[in-house]
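[1] generate a structure from the sequence data that follows.
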Amino acid sequence: MKTKKHRGSFMLRFMVFGFSIAVGVLTFWLLGYIIQDINRVKGPDYNQMLEVGLPQTLQDERESLAAELVDLKQQIESTEQRRRLTAQTTKDSQQTINQLLELKRNADQNETSLSEDQQQALTDSLQLFLSNQSQTQTLNSELSNLNDELNDVKEKQRQNAAAITRASRPIEDEYEELYEQHQWKLAAYKLGMLIPLLLVCGWLFVRQAGGTYAVLVYAISGAVALRVLLVMHDHFPAIYFKYILIVLSLAIATGVLVRLLRLVAKPSRDWLLRQYSEAYANFFCPICDFPIQRGPLKFAVWTRRSLKKHTPVPLDGSTATPDQPYTCPCCETSLFQTCEKCGGVRHSLLPACEKCGDVRENNVEPPVSA
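    Numbers count the residues shown, from 1 in each chain. Alright, predicted model coming up:
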């Protein structure tokens with residue numbers, strides 16, 4: 001006799017469901033950390049390849065031009081600062097000269113003359129103004145030369161950058177090839193770790209389907225399968241990943257369909273028992289789905305859609321009829337028969353008699369077609 005499976009209480013089922021999700025999430029998390037460690041495997045270094053592959057003369061020229069450019073910018077900034085100070089000094093001298101000239105005009109109008117100190121200040125201010133003007137012109141000329149040198153250095157930098165770009169193209173091609181090889185290597189490492197786990201999970205999935213540890217296997221298998229898909233998405237080109245995903249989905253759908261077709265052709269005992277019990281509970285023939293019209297429902301009419309709205313028929317002593325064997329008038333299947341042990345009427349397609357408990361295992365079998 002087959003061992004009965006206990007569903008357990010609601011709280012127990014809820015805890016099993018919750019811990020199954022936790023196991024799946026933790027498994028997915030653990031595999032993610034392992035994949036992160038695999039990603040730490042060093043690949044090609046582009047900067048190092050440039051340093052080795054580029055001509056040394058171009059590298060030296062680039063560094064020299066960069067240093068020269070920095071030096072010229074500092075010189076231009078210093079000269080600009082000196083010119084600003086000189087311009088300020090020139091402006092102050094000009095204001096002093098204007099004030100002294102105003103004093104001289106007033107003295108001429110009053111027929112007087114400037115004092116010796118004022119005359120000397122006017123002379124000194126004129127000399128300082130002329131000197132600052134000369135220095136400003138010199139600084140402007142120096143700034144112009146520095147800017148010309150800066151433009152020359154920038155032009156040399158552009159030429160050097162163009163030469164480096166031309167020289168680095170083969171290095172970039174080599175780097176891209178090495179990087180692609182490195183990505184395939186990482187994918188091989190990851191899938192080499194994940195595929196065996198996926199195969200083991202697939203084997204357990206088949207062996208434990210409907211078993212005691214089925215939920216645990218489902219949780220771990222789902223986590224491993226999802227991680228495999230993510231690794232393939234990260235490393236496989238989109239066009240390849242698209243076809244791989246479609247082929248895998250097609251294989252899974254085909255496998256499920258084949259299993260369902262086998263289940264229809266040769267249903268298992270548990271499947272038949274579930275189908276028969278649901279049909280009996282809803283007053284439909286388990287074989288052809290024809291309504292079971294017996295007892296108080298002999299003259300009632302219902303469908304699966306209207307079954308829930310159907311009002312139960314009340315029973316009393318005057319209208320109750322004795323329970324009798326019953327055969328489906330549509331498919332000729334015996335649905336209720338006399339129990340050999342107690343003489344009462346029992347369900348023909350269920351294993352136990354509801355009156356005496358007599359068990360007949362061969363009841364739950366698909367009926368043979370005539």
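
[2] helices of this protein, start to end?
    10-39, 46-53, 56-109, 116-207, 214-235, 238-265, 269-281 (DSSP state H).

[3] okay, the residue nearest the centre of the chain and Phe284: tell me how far apart.
    With distances taken as Cα atoms, centre = their mean, the residue of the chain nearest its centroid is Leu230 (7.9 Å). Going from Leu230 to Phe284 by Cβ to Cβ, to the nearest Å gives 46 Å. Using the backbone N, CA and C atoms, a C-beta is placed for each residue, glycine as well.

[4] and if you look at Lys298?
    With Cβ to Cβ as the criterion, Lys298 and Phe284 are 15 Å apart.

[5] which residue of those two possesses the greater neighbour count?
    More crowded of Lys298 and Phe284, by other Cβ atoms under 10 Å: Phe284, with 20 against 11.

[6] for the residue nearest to Arg346 when sequence neighbours are not counted, what are its contacts?
    The shortest distance from Arg346 to any residue other than its chain neighbours is 4.1 Å, reached at Cys353 (Cβ to Cβ, 6 or more residues apart in numbering). Going by Cβ atoms under 8 Å, 6 or more residues apart in numbering, Cys353 touches 339, 341-342, 344, 346, 359.

[7] out of the residues you listed, who has the most neighbours?
    Result: Arg346 is most packed of the contacts of Cys353 (other Cβ under 10 Å), 24 neighbours.

[8] quick check: bridge partners of that one?
    When assigned by DSSP bridges, Arg346 has beta-bridge partners Gln337.

[9] quick one: pLDDT of Asn147?
    For Asn147, the pLDDT comes out at 90.

[10] how about it: what's its closest non-neighbour residue?
    Per Cβ to Cβ, 6+ apart, closest to Asn147 is Ile76, 6.9 Å.

[11] and that neighbour, how far from Val153?
    Distance from Ile76 to Val153, by Cβ to Cβ: 12 Å.

[12] what is the burial count for the nearest residue to Val231 once chain neighbours are set aside?
    Spatially, and ignoring its direct neighbours in sequence, Val231 is nearest to Lys190 (4.8 Å; Cβ to Cβ, 6+ apart). Neighbours of Lys190 under the rule other Cβ under 10 Å: 22.

[13] then Asp60?
    10.

[14] quick one on the thing from earlier: for the residue nearest to Arg346, what are phi and psi?
    The phi and psi values for Cys353, taken as degrees, to the nearest 10, are phi -80, psi 130.

[15] tell me how far it lies from Thr136.
    Noted for Cys353: a distance of 122 Å to Thr136, by Cβ to Cβ.

[16] now Gln48
    Distance of Gln48 to Thr136, given as Cβ to Cβ: 51 Å.

[17] likewise Lys156?
    As it turns out, when the distance is counted by Cβ to Cβ, Lys156 lies 30 Å from Thr136.

[18] surely Glu354 touches Cys339?
    No: using Cβ atoms under 8 Å, Glu354 is not in contact with Cys339; the gap is 9.2 Å.

[19] what pLDDT does the residue nearest to Val231 get?
    91.

[20] CA atoms of stretch 45-64 as CSV?
    Provided in CSV are the C-alpha atoms of stretch 45-64 (Å, rounded to 0.1, in the frame of the first residue of the first chain):
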residue,chain,number,x,y,z
ASP,A,45,46.3,45.8,-19.6
TYR,A,46,45.8,48.4,-22.3
ASN,A,47,48.1,51.0,-20.8
GLN,A,48,50.9,48.5,-20.3
MET,A,49,50.5,47.3,-23.9
LEU,A,50,50.7,50.9,-25.1
GLU,A,51,53.8,51.6,-23.0
VAL,A,52,55.5,48.5,-24.5
GLY,A,53,54.2,48.8,-28.1
LEU,A,54,54.5,52.5,-28.8
PRO,A,55,57.8,53.8,-30.2
GLN,A,56,59.8,55.4,-27.4
THR,A,57,60.5,58.5,-29.4
LEU,A,58,56.8,59.3,-29.6
GLN,A,59,56.4,58.7,-25.9
ASP,A,60,59.4,60.9,-25.1
GLU,A,61,58.1,63.6,-27.4
ARG,A,62,54.7,63.5,-25.8
GLU,A,63,56.2,63.9,-22.3
SER,A,64,58.6,66.7,-23.5
